[in-house]
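Undergrad: Predicted model, plus sequence, below.
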Amino acid sequence: MLLLPAALGLLLVAALAGAPAWFLSAAALCYAAEPAVERLLPDAARPLRWGQMGVGARVLVRQAALVLLLAQSGDVGDPAIVLAALGFLLVDWLRTVALAGAVAVRRVNRLPFVTRNLGPGEPALPADPPAWQARLAGLLESRADLLPLLFGSVGLLVDFPPLLAAGLAATAAAALVVHAGQMPRLRRMRALLNADRVEHDVQRRVNRCRPEVVLYFNGPPATVYQANMWLDALERLDRKAMVLLRTPEVVGALAPTTLPVLCITRAEDMMNFDLGTVKVALYPGNTGKNLHLLREEHIKHVFVGHGDSDKGPSSNPVSKVFDEVWVAGPAGRDRYHNSDAGVRDEAIVEVGRPQLGEITTEPSGGPVPTVLYAPTWEGWDNEHGYSSLLGMGERIVRTLLEQGPRLRVIYRPHPYTGRRLPKAAAVHERLVRMIEQADRNGAGGHQVVTGADASLYECFNRSDMLVTDISSVISDYIPSLKPYVVTNPEGMDESVFRAEFPSASAAYLLGPDCAELGDILAVAATPGQDPLAGERRTLRDYLLGPEHPDAMTRFAAAVDALARSGPRSTMYGPAGPHVTTAPEPA
């Protein structure tokens, strides 16, 4: 981090000495130090700002150094010095305008209403700016002095100081280009910020749709998978459904859907919006902003979650604020019974997992068996940490890769990996490098699945075995009836582990040293030699409920029953329940 101040110091020394060649070399060191510090010390920006050495300050110091160099050179004349000073003033003014526009373009979270699938002319997010525009704005923020310093220094070396004007003009032109590119999006966002007019338009559109069921979701884009998993089930309902979001960035991250999508950002707008036709609200997560809809007494409120698992948060006491809690099967009901969550038995409804219809029992069909390693994330705190990534991840992947061409590996991390613990992100990066290196060495076929490609269910169908942690991944994989391995990071006694985590009752268990993995692979991959195959069938019914009627039928029936039951009685008083808890990704 001290490299940046040191490089700037050398630049000022070269300017005071009136040495253009040394100045040019010091400037090169300054620009080389910037990305080096960003790469080696990602958190250095904050202490640099505290020390009044932020990006903007460094740009101004380098500009001042060039003016000082011109003054110290002696024979360039006052016009060149005045040109540099006034030119930098103009460039910085244009740069400020462009950077302010870039900030405004990114702040879509200020938009009160955003929609999708509500008809032509709806208040939809404007198109994202092109990538080149964002890159150019980034260069203006941190390298706006690059061309003036380069042209100015070279001009002194070749005895042609007016060359500086070309650098200033090019930088000013870049700022104008960025700002011109921002204008269409800024004009669109300005129209969307007219809350009263937009609210009237959105209310009219929603009234026309007359939704009876809403999926209510709040969270950052990284958690949108929690909502995405319910979209198909809602599309298949006979009743009209709508997605209700609270974060504008999530609108663009939401998976393709035919459902109307409404995002209401501000609490006051949310609580004043008329949702009179809505009868049932489904909540995939426990978040504080749930309160803004829970207060509506004419709606029946249901916690559906985003996956059944044996994690502690899967029986969260906050769930008792809902009219009903929908679980997949008897295991979910038992989970609440065995906890102190306080959820009444009559409020628990077993609806299956309608998302799992696409899970097949067929083998992957590849030339060799495929093992999917899908660890969960590190959790919000150590008490709820179930991930094998930190303690076992590298051993697991190394053992799998050591099988050579006899085995194919798919690594699919949880989307939240590294959110709380940077060291988890570091392990993830090492696993990616290990897999990529194995492919380069000729193993071929291995795959890392992240981001938009991270369809968990598609990964299930392309695998022959799963290695995972205690999480909802187990319940979602069990319909495949394929063998699965559950990590036991603390090395608990097997009988105790299976009793505490019933979803592992039909699993092969893997201790902290991963010593069993080789034998597990040999047994589970041999046709007819899998001793746990029968237990997986029994576990499937326990975790997910009966196969008949299917989960979609049970889910739709539960929606219909609740919609027909009429408004709920006042349970929480006029202010509604108070919910202040963070979401727990499965």
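TA: Sure thing, it's come through.
Undergrad: Tell me which residues of stretch 87-94 come out buried.
TA: Of all the residues in stretch 87-94, those buried under the rule 16 or more other C-beta atoms under 10 Å are 87-88, 91-92, 94. C-betas here are computed from N, CA, C, even on glycine.
Undergrad: pLDDT on that stretch, on average?
TA: Across stretch 87-94, the average pLDDT comes to 91.
Undergrad: Figure out how far that stretch is from the centre of its chain.
TA: 37 Å (C-alpha atoms, centre = their mean, to the nearest Å).
Undergrad: Any chance you could list what contacts that stretch?
TA: For stretch 87-94, contacts defined as C-beta atoms under 8 Å, 6 or more residues apart in numbering pick out 60, 63, 67, 144-145, 148, 164-165, 168, 171-172, 175-176, 179.
Undergrad: is it possible to export the residues you listed to a markdown table including distance to Gly357?
TA: Below are these laid out as a markdown table (distance: C-beta to C-beta, whole Å):
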| residue | distance to Gly357 |
| --- | --- |
| Leu60 | 60 |
| Gln63 | 62 |
| Val67 | 69 |
| Ala144 | 55 |
| Asp145 | 59 |
| Pro148 | 62 |
| Leu164 | 68 |
| Ala165 | 67 |
| Leu168 | 63 |
| Thr171 | 57 |
| Ala172 | 59 |
| Ala175 | 53 |
| Leu176 | 54 |
| His179 | 50 |
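Undergrad: Just the buried residues of the residues you listed.
TA: Neighbour counting by 16+ other C-beta under 10 Å classes 63, 67, 144-145, 148, 164-165, 168, 171-172, 175, 179 among the contacts of stretch 87-94 as buried.
Undergrad: Can you classify Asp75 by secondary structure?
TA: Following DSSP: H, G, I helix; E, B strand; the rest coil, Asp75 is assigned to coil.
Undergrad: before we move on, the earlier item: can you pick out the ones from the buried residues of stretch 87-94 that are in helices?
TA: Within the buried residues of stretch 87-94, residues falling in helices by DSSP state H are 87-88, 91-92, 94.
Undergrad: In CSV, list these along with distance to Arg39.
TA: Formatted as CSV, those follow (distance: C-beta to C-beta, whole Å):
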residue, distance to Arg39
Gly87, 32
Phe88, 28
Val91, 27
Asp92, 27
Leu94, 29
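Undergrad: quick check, nearest of these to Leu24?
TA: If you rank these by distance to Leu24 using C-beta to C-beta, Phe88 comes first, at 17.8 Å.
Undergrad: Tell me the one among the ones in helices among the buried residues of stretch 87-94 nearest to Ala558.
TA: Nearest member of those to Ala558, counting by C-beta to C-beta, is Leu94, at 59.3 Å.
Undergrad: and the helix or strand Leu66 falls within, which residues are buried?
TA: Per DSSP states H and E: Leu66 is located in helix 55-73. Judged by neighbour count using 16+ other C-beta under 10 Å, the buried positions of helix 55-73 are 55-56, 58-59, 61-73.
Undergrad: Do a quick rundown of the helices in the stretch 451-586 of the chain.
TA: In the stretch 451-586 of the chain, the segments counted as helices under DSSP state H, counting those that start in this stretch are 456-461, 472-477, 494-500, 517-524, 533-544, 551-564.
Undergrad: Turn the ones you listed into TSV, columns for mean pLDDT and mean neighbour count.
TA: As requested, those are exported to TSV (pLDDT from 0 to 100; neighbours: other C-beta atoms under 10 Å):
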stretch	mean pLDDT	mean neighbour count
helix 456-461	92	20
helix 472-477	94	26
helix 494-500	94	13
helix 517-524	85	17
helix 533-544	94	18
helix 551-564	96	18
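Undergrad: Distance to Met392 for these - can I get that in TSV?
TA: Formatted as TSV, the helices of the stretch 451-586 of the chain follow (distance: least, C-beta to C-beta, whole Å):
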stretch	distance to Met392
helix 456-461	20
helix 472-477	16
helix 494-500	14
helix 517-524	10
helix 533-544	23
helix 551-564	32
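Undergrad: out of those helices, nearest to Leu244?
TA: Of the helices of the stretch 451-586 of the chain, nearest to Leu244 by C-beta to C-beta is helix 551-564, at 15.6 Å.
Undergrad: Return the list of helices and strands in contact with that closest one.
TA: strand 280-283, strand 300-303, strand 324-327 (3 or more C-beta pairs under 8 Å, 6 or more residues apart in numbering; DSSP states H and E).
Undergrad: packing partners for the helix holding Leu66?
TA: Helix 55-73 packs on helix 3-16, helix 20-40, helix 78-106, helix 131-143, helix 146-157, going by 3+ C-beta pairs under 8 Å, 6+ apart.
Undergrad: For the shortest one, buried residues please.
TA: Applying a neighbour-count criterion of 16+ other C-beta under 10 Å, the buried positions in helix 146-157 are 146-156.
Undergrad: Just want the angle from the following helix or strand past that helix to helix 146-157.
TA: Remark: after helix 146-157, the chain's next helix or strand is helix 163-192, criterion DSSP H and E. With axes from the mean of the first three to the mean of the last three C-alpha atoms, to 10 degrees applied, the angle from helix 163-192 to helix 146-157 works out at 170 degrees.
Undergrad: per-residue confidence averaged over helix 163-192?
TA: Helix 163-192 shows a mean pLDDT of 90.
Undergrad: Tell me what angle whichever helix or strand comes after it forms with helix 163-192.
TA: Note on helix 163-192: by DSSP H and E, the next helix or strand toward the C-terminus is helix 195-209. Interaxial angle of helix 195-209 relative to helix 163-192 (the same axes, to 10 degrees): 50 degrees.
Undergrad: Mind listing residues that contact helix 195-209?
TA: So helix 195-209 is contacted by 112-113, 115, 118-119, 122-123, 191-192, 240, 242, 260, 262, 266, 269, 273-275, 277 (C-beta under 8 Å, 6+ apart).
Undergrad: for the ones in helices among the buried residues of stretch 87-94, which one is nearest Ala425?
TA: Comparing those against Ala425 with C-beta to C-beta places Asp92 closest, at 36.2 Å.
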